[in-house]
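1. requesting a structural model of the entry that follows:
(chains A and B)
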Amino acid sequence: MKLQEYTASAHNFEECMKCTICTAYCPVVPVNPRYPGPKQAGPDAERLRLKDPYFFNQALKYCLNCKRCEVVCPSGVKVADIIQSARIRYDHTPPKLRDRILANTDFMGKLARPFAPIVNGVTGMNLTKTVLDATLAIDRHRTFPKYSGQSFEGWLKRHAKEQAKYERQVAYFHGCYVNYNNPQLGKDLVKVMNAIGIGVQLLEKEKCCGVALISNGMSKQATKNAEHNIAALRKAVDKGLTVLATSSTCTFTMRDEYPELLKVDNSAVRDSLLLATRYIYQLLASGKATLDFRPDYHARIAYHTPCHLEKLGWGIFSYELLKMIPGVEFTLLDSSCCGIAGTYGFKKENYEASQAIGKPLFDQIRSVNPDVVACDCETCKWQIEMSTGYPVKHPISILAEAIR
Amino acid sequence: MKNEYDVIIVGGGITGAGTARDCAMRGLRVLLIERHDIAAGATGRNHGLLHSGARYAVTDPESASECIRENQILRNIASHCVDQTEGLFITLPEDDLNYQATFVDSCRNAGIQAEIIDPKEALRLEPSVNPDIIGAVKVPDGSVDPFRLCAANMLDAKLHGAQVLLYTEVTEFIKDGNTIKGVRTYNTQTKRKGAYYASVVVNASGIWGHHVAEMAGVHIGMFPAKGSLLIFAHRVNDVVINRCRKPANADILVPGDTVCIIGTTSDRIPFEACDDLHVEPDEVNLLIEEGAKLAPSLANTRILRAFAGVRPLVSADNDPTGRSISRGTVCLDHEVRDGVGGFVSITGGKLTTYRLMAEEATDLVCRKLHIDKTCETAVTPLPGSEGKSFREVAERIWENPTTIQKATVGRLGSGAARMKDNSVLEQSLICECEEVSVGEINSAIERLDVSSLTDLRRRTRVGMGTCQGELCACRAAGLLVKAHDCVEREREDIRDFMTERWKGMYPIGWGDALREAEYTQWVYKHVLGV
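-> As a prediction, this is how the structure comes out:
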C-alpha cells in the first residue's frame, strides 16, 4: 500500500503525542493556575485557533518563552514557538507604555547613558520604585540595572587600533546590556581573547537582538532589528569572521527566534554566530590555545544554566570552561528556571509567579553557599542577585579574573 | 391503552430525529425507537457538508433546488450546528473548463448563487487550494455538524413531549390484517421486550429501512452504496473545496469543527456488510491522492482516522456505483403503494435536506391522522440556535470566556448557558484536544440520553480530537461510573470505545497516528490495565 508522501506531518504541532511531559516541566504551570500550560496553549489550542482566531487566549502571555517544553518534548514539537507565534499572529492589543519602556532596551540605554549617575540614583530610590509600581505596574521589589557612563562601543572604538594588530580576529555582538550597563564584561572578553591571541572588533552597527520586543508584542520592530542585525552579521561573516556573543539570550534569539518566530532567514550566518564560552572552550580543549592562569586563584563557583542556553544545548561549554580554571571548586546547579524571563518578572502582575518559579534555584544556591554564582545571562543575574544576595558573574568575567 | 402513540418513528438518525421534532411540534404523541444511538448510521458518517446543491445542479436539478432552500433554512434554524464557510468548485488543468459554464447555468436555474471568480481570488479566499487551478466558482456551501444537529432535533422533540427509546430494536410489526398497529421491541441493554402501538409507523432507518420495510411485508429496493472518508487532524481549509466536474470519487474537502474531511468513494456493498464497514487500503490511497489535488498540503498532513458510511439510496436502475441515483427525497405511503396501512417510509435525501424530508413525512402522517397543522420547523430555531454568532453568545454568558467556554458555546450554542458554573471542577478538562469540560460532559449525561462513551462522543466530541481517546476516555469513563454507579460496565465500555477508535486508525496506521496509537495502547494496556 502506498503511504502518504511523508509519514511525519509537515505541520509541527500535529506531531504532539499528548504525553504532557512539557506541562510537567513547565515552570509556570505550578505557580500560575491561569496559564493553560504548554501543551494546552500550544499544539492543542492551535487546532482551535485554526478554526477561529477567536479561540486565542490572552493567558498565553504568561508563557515565559523559556523553551523548556521544547527541550523535553520527545516528538520535537516547537511548543513555545507555537505559543509565541500565536501571540504574534492573533494578539492585536497594543503594548502598554510600560511594556514599550521595558522592551526598548537599546533606546532606553541611549537615553540613560549620558545621565547615568543621575538615572542610577533615581531608579535606585524607594520613592521611584513606589511611583513606577503605582503608575506603570513595574514591581517595586525590582532593581533596575545600573547604567554605565561610558558605552562599550565607545570604549572598543578607542581601542580598535591595538585590537587590529592581532592576526586572528573575531567580531563581537555585545548586546544592549554590555553596551549600556556592563561594559566591563565586554572588556573582560577582549582581555581573554587577546590572551589567546585573537583581536576583537565590533560589528559594523548592531541593534538590540529584539528578544524583549518579541515578548512584549512588538514583533514588527523586532523584525526590523533582526533584518538589520542579519545584514550586519553577514558583512562580518563574509569577511571570514566568527561572531561571538556573551549573552546566551541574544545568541539564542538571533540563531533560533529570528527564523522561527520572525521568519527572518539567518541561514547564511547562523553557524558563525557562537557564544564566547563555546568558542573559547573548543580552542582550549583542542589545544589550539592556552591560557596562563593565576596560581593563587581560588573560588567556589556554582553555575546556573539559563533556560535559553539549555535550549541551545551549550551550557556544557560554559561550565566545562569554568572547571578548567585551577582553584575552582565547582557546583553545577540543578536545571531550573530563575523566573525572571527578561522583562516578564519586572511586571507587577508576574512578580509573585516569578519569585515562586525561582525559589528552588534560590534555595539551592543558599544551601551550596558559593563565593560566586556564574551564569551567561544578564537577566538571570539580576534575578539571582536580587533574590539571594549572592554575586553573579559571567563565566567570561570569572575567566578574565583568573588569568594573568 | 398503555404504550399508545399517534406515531412511532423507527430510526434515530437525522431523518428520524427531524420527523420526531416535526410531529411533536404539531402536537402528535410521538415515540422514536432507535436500535443503537442517535446519528450512529449514515447521519454521523459523512462529510458534514451543508450542500448548496451545486454538486447536483447539473445531474440532479431537483435535489439541487431542495438543497439550496434547506441550506438557507438551516443557516437560520440551526446556526450553532452550521459553519457558514462558503464553497469553491475548482477546475484543475486535467478537468474540462467548458464544464464550468454548464455548471454555473445549472446552478442559477436551481436558484444557487454561483459566481465565477479568478483563480487568484480563489487562492486568496482559500490559501490551501491547489495553486494550479484554472477556474473557480464560488457557491454558498457550508459545513454542518451532524451529531450536533441530530442531538438538537432529538432534544427539541423531547421538549415537545416526544419519547425516545435508544438501544431498542424493532423485532416485529404488530398487524391487524394489512394494517400496521404497532411494533414489538427488544432493548439490547436491559434485555427487555416491549410492545408499542400507534396509528402510523414511520420507517426512517436509512439503509436499514430496507429490512424494516421487509419486516412489514413491503419491498423498497434500496441500494447500499458505501462511501469512505478520511479525517485530517486539523482544519487545512476554511472553505469547502469541490471539483467542478461530474460528481466522482474523493472530490469534496469539507472543513468541520477542528478537522477537515475528504471523501468519498462509492461502492455497492451487500446488505450484510452494512453493519460492519471497513475502509480498504486502495480507498485510502485514492482519497489521499485525489484529496491532494484539491489541497496539496493534505499529502503531508496528519490523518486522524478513516471511516465509512452507507448512503440510503433507492434503486432507480442498475448503476453499479450509485453515483447517478437521485439524491432526492423518497417518501412512500405504503397504503397507497403496497396496500399496507399505517406504514410510511421516508428515505433517500441528504443530511442537508433532512428537515424537508421530515416535513414531507409529517405531512403524510398528519393527512393519515386527519390533523391539519402547518409545519413550523423551517422558522423555529433548534435549541441552542437562538443566538446569532457564537462569539456573541459566549460573551453574553461569560464576561471573559476562556478557551474551554468558547469551545462549549461552539458546540452547544446558547445551550451553553446551562454551563454557567465556573467552579474549578466543572471547568476542568476531560477532553484536551477539543476542550470539553467536566460540566459539559455531566450536562450531556443528564440531558442527552448517554449510556456509553461512544454516545458521549457523538454529543460532545470527546475522543474525536488528535488523541482519539488517549487522555479523555478514561476521564470521561470516571464520570460515567459516577452517573451509572457501575464500575464493571465502564471497564467494558472503555474497551469497546478504544477498540472502535483503533478501528478508525488502523487503515491509516503510519507516521504520527501510529506513534500516538502506540502511546495510547501503552497508557490503556500497561498503565490502566484495560
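2. how many residues are close by B:Gln521?
-> By other C-beta atoms under 10 Å in any protein chain shown, the residues close to B:Gln521 number 14. Where you see a C-beta, it was placed from the backbone N, CA and C, and this is true even at glycine.
3. please apply the same query to B:Gly177.
-> B:Gly177 has 7 neighbours, counted by other C-beta under 10 Å.
4. ok, now the one 5 residues further on?
-> When neighbours are counted by other C-beta under 10 Å, B:Gly182 registers 25.
5. in what helix or strand does A:Asp334 lie?
-> If you go by DSSP states H and E, A:Asp334 is not part of any helix or strand.
6. ok, it to B:Leu277 distance?
-> From A:Asp334 over to B:Leu277 the distance is 54 Å, taken as C-beta to C-beta, to the nearest Å.
7. A:Ser318 too?
-> Noted for A:Ser318: a distance of 60 Å to B:Leu277, by C-beta to C-beta.
8. tell me which of these two has more neighbours.
-> A:Ser318 (27 against 16).
9. in which helix or strand does the more buried one reside?
-> For A:Ser318, the host element (DSSP H and E) is helix A:315-323.
10. where does the chain dip in pLDDT?
-> Using chain A here. Within chain A, the stretches with pLDDT under 70 are A:1-7.
11. wait, I meant chain B there
-> Looking at chain B by pLDDT under 70, you get B:1, B:316-321, B:324.
12. tell me which parts of it are close to chain A?
-> Contact residues (C-beta under 8 Å from any C-beta of the partner chain) of chain B with chain A: B:233-235, B:255, B:257-258, B:281-282, B:284-285, B:288, B:292, B:297, B:299-303, B:390-391, B:402-403, B:406-407, B:410, B:429, B:432-433, B:435, B:465-467, B:470-471, B:510-512, B:515-516, B:519.
13. checking the nearest residue to A:Asn126 once chain neighbours are set aside next. Helix, strand or coil?
-> Spatial nearest neighbour of A:Asn126, excluding adjacent residues (C-beta to C-beta, 6 or more residues apart in numbering or on different chains): A:Arg140 at 7.9 Å. What DSSP: H, G, I helix; E, B strand; the rest coil gives for A:Arg140 is coil.
14. and the gap between B:Val164 and A:Leu322?
-> Using C-beta to C-beta, one gets 73 Å for the distance from B:Val164 to A:Leu322.
15. for B:Asp276, same thing?
-> Separation of B:Asp276 from A:Leu322 (C-beta to C-beta) stands at 67 Å.
16. the two: which has the busier surroundings?
-> When neighbours are counted by other C-beta under 10 Å, A:Leu322 comes out ahead of the other of B:Asp276 and A:Leu322, with 22 against 7.
17. quick one: residues contacting residue 168.
-> Let's take chain A. By C-beta atoms under 8 Å, 6 or more residues apart in numbering or on different chains, A:Arg168 lies in contact with A:197-199.
18. could you do chain B instead?
-> B:33-35, B:185-188, B:194.
19. go again with 7 Å.
-> Contact analysis of B:Thr168 by C-beta atoms under 7 Å, 6 or more residues apart in numbering or on different chains lists B:33-35, B:185, B:187.
20. one more: A:Phe317?
-> So A:Phe317 contacts A:275, A:277-278, A:281 (C-beta under 7 Å, 6+ apart).
21. repeat the analysis, applying 10 Å as the threshold.
-> Residues near A:Phe317 by C-beta atoms under 10 Å, 6 or more residues apart in numbering or on different chains: A:274-282, A:285, A:309, A:376, A:395.
22. kindly report the same for B:Gly182.
-> Contacts for B:Gly182 (C-beta under 10 Å, 6+ apart) come out as B:1, B:3-5, B:8, B:31, B:170, B:172-176, B:194-199, B:201, B:342.
23. how about the nearest residue to the closest residue to chain B within the stretch 151-300 of chain A, chain neighbours excluded?
-> Residue of the stretch 151-300 of chain A nearest chain B, by C-beta to the nearest C-beta: A:Lys263 (15.8 Å). Of all residues not flanking A:Lys263 in the chain, A:Thr223 sits nearest, at 7.9 Å (C-beta to C-beta, 6+ apart).
24. so what's residue 404 up against?
-> Answering for chain A, as no chain was given. A:Arg404 neighbours (C-beta under 10 Å, 6+ apart): A:195, A:291-295, A:297.
25. nope, chain B
-> B:Ile404 sits next to A:36, A:40, A:57, B:419, B:426-429, B:431-432, B:434-440 when contact means C-beta under 10 Å, 6+ apart.
26. also A:His308?
-> Applying C-beta under 10 Å, 6+ apart, the residues contacting A:His308 are A:65-67, A:211, A:247-253, A:255-257, A:314-315, A:341-342, A:376-377, A:380.
27. among the residues you listed, name the buried ones.
-> Buried members of the contacts of A:His308, counted by 16 or more other C-beta atoms under 10 Å in any protein chain shown: A:65-67, A:211, A:247-253, A:255-257, A:314-315, A:341-342, A:376-377, A:380.
28. all set, thanks.
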